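**Q** model the following, please.
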Amino acid sequence: MNIYKSIILGTVCAAVSMPAMAQNTRSGYFLEDYTYRFELNPAYGNSHNFIAVPVLGNVNMAMNGTLGVSDVLYNVNGRTTTFLNPEISASEALGNIGSHPRIGADIKMTLLAAGFKAWGGYNTVSVNARTSMDIQLPKSVFSLLKEGVANKTYDIADLGAFANVYAEIALGHSRKINDKWRVGATLKFLVGGGYLDATLNKAQLSLGENDWSIVANGDIEANIKGLKYKTKENDRTHHRYVNGADIDGLGINGFGVAVDLGATYKPARDWTVSAAILDLGFISWNNNMLASTNGDKCFNTDRYTFNADDTQDNSFSKEWDKIRDDISSIYELEDMGDTGGKTRMLGATMNIGVEYTLPVYRKLTFGLLNTTRIQGRYSWTDFRLSANVSPVKCFNAGVNMTAGTYGIGFGWLLNLHAKRFNFFLGMDRTLGKVAKQFVPLNSNASVNLGINVPF
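**A** Okay, the predicted model is just below:
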């Protein structure tokens, strides 16, 4: 579908070109004096006040996915080629691709931030720009491309892409209840920039020896100020369909609210249990622009019969024209206009952690963290086992191994926190093998750095 290709490619381009950066590194969850631990669990408080260097306080870039360059590009006889090369067997090519390959990013840039002790606890104020995006392709898409017409039925539903862009003003407070408990909460006021959801709800292709049948159903919903779909008329059917979109100036297009809630508990001197739920909230969007197939669109070759007599209604030329028109109607989305406002939940994230301090060397701790994002078909989970050390007062570091939806990886974080200067650098997933053009062979990579002024 041309319109789906355009939307998905546009989303990918936006992800690459956006100056915003990804969410806080989970490698710092158990690292003492990592300045932005409060964004991973609002119960955490720093031992010092701080002011972020504008824009540079928390810069974080990341991409996660289950589909990498090495899954679609191969080396055959010294040349780089795609998985469609006939010298690569279908079993080899499709064996490297999961059932629902996807690529996504959760993007965040801290514009302003500060933390200070007052009112019986630790308080934080921050202004952030955020973007969440994901693209998902069912494996059957790759199967169809590789196998071609193979007298099979292909179900390529659940193909989709979404993007969510908004800003937040966050006010947080944490306090110690007693020697065992510490709790915290952050209230967020949200300003919506734009939301896009493109979904192929149904796409079934039955390609048999005697007949072909196709059923398709798809929608694109966009909450973007000033957006209008471009339409074009089919010269033969005189049906107007969506063939692109124009945006006449960007702006605020919705408001919402969310909360972060967290707690830590020390059942014993050397053990700490913690839990948090983040981004529990919604945005109420304006003008939901809908483009849709407007129900199921069907095509079946059994409907057509050919007559050698050119004067008949079912002559060869006339039947071919009907087939062409009916096939085109399958992917021609209609502009359904503005369907009004729509309220959408954010993708909530849960962090659950257990930390153990080594009794013989209390500057060394070990932690196990589970992070789960709850966002429908784009949900994911991650387990991270870490070791964290604070050898001197002004420096600490952590290393960790991770496994989950996006595979196995290695993360680390270095944190320098001198009296008037704080700098941290780390990766949740360290960059692995790269191609000659320095393109990562998988879709998991991140880098996190920040400069802040403690006082």
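**Q** where does Gln23 land on pLDDT?
**A** Here, the pLDDT recorded for Gln23 equals 61.
**Q** mind naming the longest strand for the protein?
**A** Across the chain, the longest stretch assigned as strand under DSSP state E is strand 181-207.
**Q** pLDDT averaged over whichever helix or strand comes after it - what is it?
**A** Using DSSP states H and E, the helix or strand that follows strand 181-207 towards the C-terminus is strand 212-224. The average pLDDT within strand 212-224 is 88.
**Q** give me the sheet partners of strand 212-224 and which way each runs.
**A** strand 181-207 (antiparallel), strand 289-292 (antiparallel), strand 297-300 (antiparallel) (DSSP bridges).
**Q** of those, which approaches Glu233 most closely?
**A** strand 289-292 (15.5 Å; C-beta to C-beta). C-beta coordinates here come from the backbone N, C-alpha and C atoms, glycine included.
**Q** got the contact list for that closest one?
**A** The contact list for strand 289-292 (C-beta atoms under 8 Å, 6 or more residues apart in numbering) reads 3, 218-224, 227-229, 242, 333-339.
**Q** stretch 78-97 too?
**A** 67, 70-77, 139, 142-143, 145-147, 435.
**Q** rounded mean pLDDT for it, please.
**A** Per-residue scores along stretch 78-97 average to 82.
**Q** and the end-to-end length of that stretch?
**A** In stretch 78-97, first residue to last residue: 23 Å (C-alpha to C-alpha, to the nearest Å).
**Q** buried set for it?
**A** Neighbour-count burial for stretch 78-97 flags 83, 88, 93-94, 97 (criterion: 16 or more other C-beta atoms under 10 Å).
**Q** one more: stretch 102-115?
**A** 102-110, 113, 115.
**Q** phi and psi next, for Arg37.
**A** Taking degrees, to the nearest 10, you get phi -60, psi -30 for the backbone angles of Arg37.
**Q** pLDDT score for it?
**A** So, for Arg37, pLDDT stands at 95.
**Q** quick check: it vs Trp380, distance?
**A** Counting by C-beta to C-beta, to the nearest Å, the separation of Arg37 from Trp380 is 21 Å.
**Q** that older thread, can I get the buried residues of stretch 78-97 in TSV including distance to Asn400 and secondary structure?
**A** Shown next, in TSV, are the buried residues of stretch 78-97 (distance: C-beta to C-beta, whole Å; DSSP: H, G, I helix; E, B strand; the rest coil):
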residue	distance to Asn400	secondary structure
Phe83	33	coil
Ile88	36	coil
Ala93	33	helix
Leu94	32	helix
Ile97	28	coil
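**Q** out of these, who's nearest Asn210?
**A** For those, the closest approach to Asn210 (C-beta to C-beta) belongs to Leu94, at 26.1 Å.
**Q** returning to what we had before: TSV for the buried residues of stretch 78-97, including distance to Ile247?
**A** Listed next are the buried residues of stretch 78-97 as TSV, based on distance: C-beta to C-beta, whole Å:
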residue	distance to Ile247
Phe83	35
Ile88	41
Ala93	38
Leu94	38
Ile97	34
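**Q** could you list the low-pLDDT ranges of the stretch 301-450 of the chain?
**A** 302-328, 433-441 (pLDDT under 70).
**Q** for it, just list every one of the strands.
**A** For the stretch 301-450 of the chain, the strands defined by DSSP state E, counting those that start in this stretch occupy 334-338, 342-345, 348-357, 364-374, 380-392, 395-404, 407-417, 422-427, 445-454.
**Q** export these as a markdown table, with columns for distance to Thr186 and mean neighbour count.
**A** Shown next, in a markdown table, are these (distance: least, C-beta to C-beta, whole Å; neighbours: other C-beta atoms under 10 Å):
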| stretch | distance to Thr186 | mean neighbour count |
| --- | --- | --- |
| strand 334-338 | 34 | 15 |
| strand 342-345 | 17 | 15 |
| strand 348-357 | 13 | 18 |
| strand 364-374 | 17 | 19 |
| strand 380-392 | 21 | 17 |
| strand 395-404 | 23 | 19 |
| strand 407-417 | 22 | 19 |
| strand 422-427 | 20 | 21 |
| strand 445-454 | 18 | 21 |
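**Q** do you know which of those lies nearest Val53?
**A** strand 445-454 (4.5 Å).
**Q** chain neighbours aside, what residue packs nearest to Ser160?
**A** Careful, residue 160 is Gly and not Ser. Thr199 (4.3 Å; C-beta to C-beta, 6 or more residues apart in numbering).
**Q** so for that neighbour, what's the pLDDT?
**A** pLDDT, read off for Thr199, is 88.
**Q** for it, name its beta-bridge partners.
**A** Here Thr199 sits in beta bridges with Gly160, Asp219, going by DSSP bridges.
**Q** same deal with the one 4 residues further on?
**A** According to DSSP bridges, the partner residues bridging Ala203 are Ala216.
**Q** residues of the helix or strand encompassing Val257 that come out buried?
**A** Take DSSP H and E as the rule and Val257 turns out to sit in strand 254-268. Along strand 254-268, these residues count as buried under the neighbour rule (16+ other C-beta under 10 Å): 254, 256, 258-264, 266.
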